[in-house]
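Enquirer: this one's sequence-less:
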């Protein structure tokens, strides 16, 4: 096997088949698919039943685990012998080249992520800048300020085996996935990489609380149909470029607002008085002595 794909699932029986089909449609690689049931009900078992005849699919039907069933994921991975592990949420989709792309990235890294793009409920894409190859973003991940999400993540099995714990329940105030990814940063000489090419489609649940399960399934049906279109990769690249441009525009607008706020503050009496006090000789002398002591 080239890769293990792990799908944790709980109560997404209507959506799960779409994720499974996208995992089994990977091109250019040999995969095994582990579906980890975290206290699932009969509707989920029925939804998965048609796929169990495929020898690549294994179903770990377990009782509800602590929090999000993280330890169940760890137990399942003990039965994987593939050199890399990719993750797929049960309400997201892989493009056919996702695992091949992750395998290529992991030839030079311990941990890889797909391009950080989410699909909003109106069908538009939102780019959220994050780069595991940049120390600034790695520091943000260490502080819990970004880099989360299950579907876009992949890692080598060797890196996983060097972790202090592997999957385990996260504290209530920390997102499950971020808590897990932070462990990889403790590996001596850790190397991470973020893809420049989008190969997964993420449909965040918090943006879809107004949608029924059937409406979400219809959304996945549309996107899965688009994936089968030979022209879709070029269309998706154009959508990603638009999302990146809009992200740059939002950043520029934020910068302009901050500049205007600073200008407003600098015109206040308080600011002018502060600048006047700072220019007094006693204040400058006191600052010089403080610098000398430090």
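Expert: Cool, got the structure. If you're wondering where the values come from, they're calculated on a predicted model, not measured in any experiment. Residues are numbered from 1 along each chain as shown.
Enquirer: Local confidence estimate at residue 254?
Expert: For residue 254, the pLDDT comes out at 74.
Enquirer: burial of it, as a residue count?
Expert: By other C-beta atoms under 10 Å, 10 other residues sit near residue 254. C-beta here means a position set from N, CA and C on the backbone, and glycine is covered the same way.
Enquirer: List the buried residues of the strand or helix carrying it.
Expert: In this structure, residue 254 is located in helix 232-266 according to DSSP states H and E. Neighbour counts over helix 232-266 (16 or more other C-beta atoms under 10 Å) mark 233, 236, 239, 240, 243, 247 as buried.
Enquirer: again with stretch 194-207
Expert: Result for stretch 194-207 [16+ other C-beta under 10 Å]: buried residues 194, 195, 198, 199, 200, 201, 202, 203.
Enquirer: So the fourth one versus residue 113, what's the distance?
Expert: Using C-beta to C-beta, to the nearest Å, one gets 11 Å for the distance from residue 199 to residue 113.
Enquirer: can you check the fifth one too?
Expert: If you measure residue 200 against residue 113 using C-beta to C-beta, the figure is 10 Å.
Enquirer: again with the last one
Expert: Taken as C-beta to C-beta, the spacing of residue 203 relative to residue 113 amounts to 17 Å.
Enquirer: Residue 266 now?
Expert: Residue 266 is 41 Å from residue 113, by C-beta to C-beta.
Enquirer: where does the residue nearest to residue 9 when sequence neighbours are not counted land in three-state SS?
Expert: Computed as C-beta to C-beta, 6 or more residues apart in numbering, the closest residue to residue 9 that is not its neighbour in sequence is residue 90, at 4.2 Å. Secondary structure assignment for residue 90 (DSSP: H, G, I helix; E, B strand; the rest coil): coil.
Enquirer: Could you list which residues are in contact with residue 90?
Expert: The contact partners of residue 90, taken as C-beta atoms under 8 Å, 6 or more residues apart in numbering, are 7, 8, 9, 10, 12, 15, 16, 19.
Enquirer: Take those residues and keep only those in helices.
Expert: 16, 19 (DSSP state H).
Enquirer: so which of the contacts of residue 90 would you say is closest to residue 159?
Expert: residue 8 (19.4 Å; C-beta to C-beta).
Enquirer: Quick one: neighbours of the closest one, just the number.
Expert: Around residue 8 there are 25 residues (other C-beta under 10 Å).
Enquirer: Tell me who's in contact with it.
Expert: Residue 8 neighbours (C-beta under 8 Å, 6+ apart): 36, 38, 68, 69, 72, 73, 89, 90, 150.
Enquirer: What about those residues, which are in helices?
Expert: 72, 73.
Enquirer: wait, doesn't residue 86 sit right on residue 5?
Expert: Yes: in this structure residue 86 lies within contact range of residue 5 using C-beta atoms under 8 Å: 5.0 Å.
Enquirer: Show me whatever sits in contact with both of those two.
Expert: With C-beta under 8 Å, 6+ apart, residue 86 and residue 5 have common neighbours 94, 99.
Enquirer: Give the helix, strand or coil label for the nearest residue to residue 2 once chain neighbours are set aside.
Expert: Distances taken as C-beta to C-beta, 6+ apart place residue 29 nearest to residue 2, at 4.2 Å, with adjacent residues excluded. Counting by three-state DSSP, the backbone at residue 29 sits in coil.
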